[in-house]
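Enquirer: I would like the atomic coordinates for the input below:
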Amino acid sequence: MTVTVVGGGAAGMMAAISAAENGNIVTLVEKNDRLGKKLFLTGKGRCNITNACPVEELFDNIVTNRKFLYSSVYSFDNEEVIRFFNENGLKTKTERGNRVFPQTDHSSDVIAVLKKKLDRLGVKIMLNTEAVGLERSSDNTITSVIIKRKENKDRLLSDAVIMATGGRSYPLTGSDGTAFLLLEKLDIPVNDCEPSLVPLVCKDADVLSMHGLSLKNVSVSVAKNNKELFSGFGEMLFTHFGLSGPLILSASAFIRQKDYKSGIRVIIDLKPALSYEELDRRILKDFEEFANRDFSNSLQKLLPNKIISPVIKRSKIDPHKKVNMITRQERKQLCDVIKCFPIPVIGTRGFDEAIITRGGVDIKAVDPSTMRSRSVKGLYFAGEMLDLDAQTGGFNLQIAWSTGHLAGECR
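Expert: Next comes the predicted model:
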C-alpha cells in the first residue's frame, strides 16, 4: 500500500519504520525542518527511551486508559524497544528506577538511529511540510492527505494515513494541537486536552518565599477534599510560582483541571523516615541543646533554613518563646506540621511546560488491536495524540513506540 505518516516524532518515525518493514511504500510528512524535534528534548536532552521494568509494572505506570494498550504493548514491549535500538547500533544503559538511556546520554543519537533506519527502508521524508487536510471517498475511506509546503499545496494519494502529530505540550516543537481540527472535520471525537506532568501553581506567600528550595527524600500526597489522589516519595522543588520537581510532576498526572475548582492540597511529610514518636524524641534532643534560645532559632539542625519560618507559622507557636518553655502540646503541634505540611494549589502551568498532554483522540473511536479508526477506513493513530498518558520514567515514550509500531502494520 501507499502509506502516509503525518508527524515525525517518536510515534511517527516508528510507524513509518514498521509500515516500510511490512512492504509498504511510505512517505513521512513533518512540518518542522528536522525529525524528532520534541524527542530531542526528552529526558533533559538525554532521551529516556523506555523503562526496563517487568511489563506488568509498565502497565501500572500508565495513568489513563491502560487496558487500551494491551495489544500494542504486548506486540512491541519495552524489551523489544531496547532490542530494536541495540540491533540498530545504539548502545543503552539502565539507571535508577529502571530508566533506559543511550550510553552516550545524547537524544540526538536516538534520532540518528531512527533516521538511518528510515533511510535504509527507503521511506520518503518530506520536511517543512504541513498536513492541512484529509480527504475521504463517499464510502468513508481515506484517499489522500493535502499538504502545504511554503505557499504551495499538493495532494498525497494514500491507501492508509497514520496520524502521529502529538498532543499540545511543547507547542514550539510543532505539537500545537492543530491536527485535531483535521480530525474533527472527519467526525473523529477528540477529548479536551490538558497539560500533564506539569508544575503546580499556588498563591501562598509563605510557599512562594521558599523558591529555590529543593527537598529530597520527602513523601508527598495530593488530596481533593478528603480523598487521596496520589502519594509518592522522592524529590520536589519550590519555585517562584509554586511547586515542581519529579514528585510534583508525577502527582499532576492524577489531577484533572476540574479538580482544582473543588480545592486541591499537596501535603508534604518532611521527615517520612521518622515516626511521630521518633520525631518528637529528635525535637526534644535539639531542644535540650538549644534550651535557652528562641524557638525561631532552634530548628536549624532539623529543617532547611528556608522552610523554618513557614513551619513555625503553621505550628502557631510564638517564635520568640524560649525553647525550655515549650509545652508537650506545642511539640505535638510542631510534629503535626512537619509530618503534614499542607499547601493549597490552584492549577498548573501551561502546555509550554507540560511534558505530555492528557486528552486527545477518544480511544472509543479507535480499534486497540490495529490503531485504526473505527469510522474512517484507512485512518490510523499513534502516540500522544491519543487519549493516553503515563508517569515519568520512559513510559510515555513506550506508548509512542508501541502504538506507532502497531499502527505501521496497517491491518
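
Enquirer: correct me if wrong: residue 58 contacts residue 395.
Expert: Yes: using Cβ atoms under 8 Å, residue 58 is in contact with residue 395, at 6.5 Å. C-beta here means a position set from N, CA and C on the backbone, and glycine is covered the same way.

Enquirer: overlap of the contact sets of these two?
Expert: residue 51 (Cβ atoms under 8 Å, 6 or more residues apart in numbering).

Enquirer: any idea what sits nearest residue 20, other than its immediate chain neighbours?
Expert: Using Cβ to Cβ, 6 or more residues apart in numbering and skipping the chain neighbours, the partner closest in space to residue 20 is residue 121 (3.8 Å).

Enquirer: mind checking how far the one you found is from residue 390?
Expert: Distance, residue 121 to residue 390, using Cβ to Cβ, to the nearest Å: 28 Å.

Enquirer: what of residue 172?
Expert: 23 Å.

Enquirer: those two: who's more crowded?
Expert: Comparing residue 172 with residue 390 by neighbour count (other Cβ atoms under 10 Å), the higher total belongs to residue 390, at 25 against 12.

Enquirer: contact partners for the residue nearest to the more buried one when sequence neighbours are not counted?
Expert: Computed as Cβ to Cβ, 6+ apart, the closest residue to residue 390 that is not its neighbour in sequence is residue 62, at 4.4 Å. Listed by Cβ under 8 Å, 6+ apart, the contact set of residue 62 reads 69, 388, 389, 390, 391, 395, 399.

Enquirer: of all these, which comes closest to residue 245?
Expert: Lowest distance from residue 245 to the contacts of residue 62 (Cβ to Cβ) belongs to residue 391, with 14.1 Å.

Enquirer: pLDDT wise, what is the residue nearest to residue 20 at?
Expert: Listed pLDDT for residue 121 reads 98.

Enquirer: and it, what does it touch?
Expert: Counted by Cβ under 8 Å, 6+ apart, residue 121 has contacts 17, 20, 21, 26.

Enquirer: now the host helix or strand of the first one: buried residues?
Expert: The reference is to residue 17. Here residue 17 is covered by helix 10-21, with elements defined by DSSP states H and E. By neighbour count on 16 or more other Cβ atoms under 10 Å, the buried set for helix 10-21 is 10, 11, 12, 13, 14, 15, 16, 17, 18, 19, 20.

Enquirer: you'd agree residue 194 is up against residue 258?
Expert: No: the pair residue 194 / residue 258 is not scored as a contact, 9.3 Å apart, by Cβ under 8 Å.

Enquirer: residue 281: neighbour count?
Expert: Burial measure for residue 281: 11 neighbouring residues, criterion other Cβ under 10 Å.

Enquirer: which residue ranges form the strands in the stretch 51-200 of the chain?
Expert: Counting by DSSP state E, counting those that start in this stretch, the stretch 51-200 of the chain has strands at residues 62-64, 92-95, 99-102, 124-126, 130-136, 142-149, 152-157, 160-163, 190-196, 200-201.

Enquirer: so which of the ones you listed comes closest to residue 41?
Expert: Residue 41 lies closest to strand 99-102 among these, at 14.1 Å (Cβ to Cβ).

Enquirer: can you pull the contacts of residue 363?
Expert: Residue 363 is in contact with 65, 68, 386, 387, 388, counting by Cβ under 8 Å, 6+ apart.

Enquirer: which one of the residues you listed has the most neighbours?
Expert: Counting neighbours by other Cβ under 10 Å, residue 386 comes out on top of those with 32 neighbours.

Enquirer: which residues does that one contact?
Expert: When contacts are counted by Cβ under 8 Å, 6+ apart, residue 386 is found next to 360, 361, 363, 366, 403.

Enquirer: next: residue 161.
Expert: So residue 161 contacts 3, 4, 5, 6, 134, 142, 145, 378, 379, 380 (Cβ under 8 Å, 6+ apart).

Enquirer: of residue 194 and residue 258, who's got more company?
Expert: Legend: neighbour count by other Cβ under 10 Å for residue 194 and residue 258, higher for residue 194 (21 against 9).

Enquirer: give the bridge partners for the more buried one, please.
Expert: Applying DSSP bridges to residue 194 gives these bridge partners: residue 358.

Enquirer: the residue located most distally from the centre of the chain: what secondary structure?
Expert: Distance from the C-alpha centroid of the chain, by Cα atoms, centre = their mean, peaks at residue 292 (49.5 Å). The three-state label given to residue 292 by DSSP: H, G, I helix; E, B strand; the rest coil is coil.

Enquirer: what about residue 153, distance to residue 322?
Expert: For residue 153 relative to residue 322 (Cβ to Cβ), the value is 79 Å.

Enquirer: quick revisit: just checking, what packs against the helix holding residue 17?
Expert: Other elements packing on helix 10-21 under the criterion 3 or more Cβ pairs under 8 Å, 6 or more residues apart in numbering; DSSP states H and E are strand 2-6, strand 25-29, helix 107-120, strand 160-163, helix 395-407.

Enquirer: mind checking which of those is nearest residue 262?
Expert: helix 395-407 (26.9 Å).

Enquirer: the closest one vs helix 10-21, what angle?
Expert: Per axes from the mean of the first three to the mean of the last three Cα atoms, to 10 degrees, the angle that helix 395-407 makes with helix 10-21 is 30 degrees.

Enquirer: specify the angle between helix 395-407 and strand 190-196 in degrees.
Expert: 150 degrees.

Enquirer: CA-only coordinates of helix 395-407 in CSV, if you can.
Expert: Taking C-alpha atoms only, helix 395-407 is exported to CSV below (Å, rounded to 0.1, in the frame of the first residue of the first chain):
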residue,chain,number,x,y,z
PHE,A,395,6.6,5.1,30.0
ASN,A,396,5.2,7.8,27.7
LEU,A,397,7.8,7.1,25.0
GLN,A,398,7.0,3.4,25.4
ILE,A,399,3.4,4.3,24.5
ALA,A,400,4.7,6.1,21.4
TRP,A,401,6.9,3.2,20.2
SER,A,402,4.2,0.6,20.8
THR,A,403,1.3,2.4,19.2
GLY,A,404,3.5,3.6,16.3
HIS,A,405,4.7,0.1,15.7
LEU,A,406,1.2,-1.4,15.7
ALA,A,407,-0.3,1.4,13.5
